[in-house]
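Peer 1: no sequence on hand, only this structure:
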């Protein structure tokens, strides 16, 4: 079997399965894994991670587009001087999830946007604090 045939077949199957990121990245990652001496499972894990991240990014973009927001706004464009009652430092700290008290407790902020019967419009709401799955308790 020639060296080109596996690449052709793999490219064909990845297209057929609609694994766009894996199709785009497998050559570079295979070379990188070979140079690092990584095993097949590590290489496959890296490929699948990139596919998952790419799909999550595209899904978020599709949801944002489907919501038909008039303008995409970020916290950087918010005018805190218009609402002096809002504590800018606290809002930025909550957005980063780096609140010292919450870190010690292993919690992370969860922001939820309207859409169901409980919320009307597109008002962001700090719903709750959920346990952080990556939290390592201090010993």
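Peer 2: The structure has been received and is ready for your questions. Note that the coordinates shown come from a computational prediction; the quantities given were computed from them, not determined experimentally.

Peer 1: contacts, neighbours, all on C-alpha from now
Peer 2: OK.

Peer 1: which stretches of the protein form helices?
Peer 2: Assigned by DSSP state H, the helices in the chain fall at 4-16, 20-36, 40-67, 88-96, 100-105.

Peer 1: just give the nearest non-adjacent residue to residue 25, would you?
Peer 2: Leaving aside its sequence neighbours, residue 25 sits nearest to residue 47 (C-alpha to C-alpha, 6 or more residues apart in numbering; 7.2 Å).

Peer 1: now swap in residue 50 and tell me
Peer 2: Spatially, and ignoring its direct neighbours in sequence, residue 50 is nearest to residue 21 (6.5 Å; C-alpha to C-alpha, 6+ apart).

Peer 1: in contact with that neighbour, which residues?
Peer 2: Going by C-alpha atoms under 8 Å, 6 or more residues apart in numbering, residue 21 touches 47, 50, 51, 54.

Peer 1: what's the answer for residue 77, then?
Peer 2: Per C-alpha under 8 Å, 6+ apart, neighbours of residue 77: none.

Peer 1: how close does residue 39 sit to residue 19?
Peer 2: 21 Å (C-alpha to C-alpha, to the nearest Å).

Peer 1: of the two, who's got more company?
Peer 2: Neighbour count, other C-alpha atoms under 10 Å: between residue 39 and residue 19, residue 19 has more, with 17 against 10.

Peer 1: that one contacts residue 51, correct?
Peer 2: Yes: Residue 19 lies in contact with residue 51 (C-alpha atoms under 8 Å); the separation is 6.9 Å.

Peer 1: thinking again about what came up before, pretty sure the residue nearest to residue 25 is in contact with residue 29, am I right?
Peer 2: Yes: between residue 47 and residue 29 there is a contact under C-alpha under 8 Å: 7.2 Å.

Peer 1: count residues in the vicinity of residue 22, would you?
Peer 2: Residue 22 has 23 nearby residues by other C-alpha under 10 Å.

Peer 1: dump the residue contacts of it.
Peer 2: Contacts of residue 22 by C-alpha under 8 Å, 6+ apart are 14, 47, 48, 50, 51.
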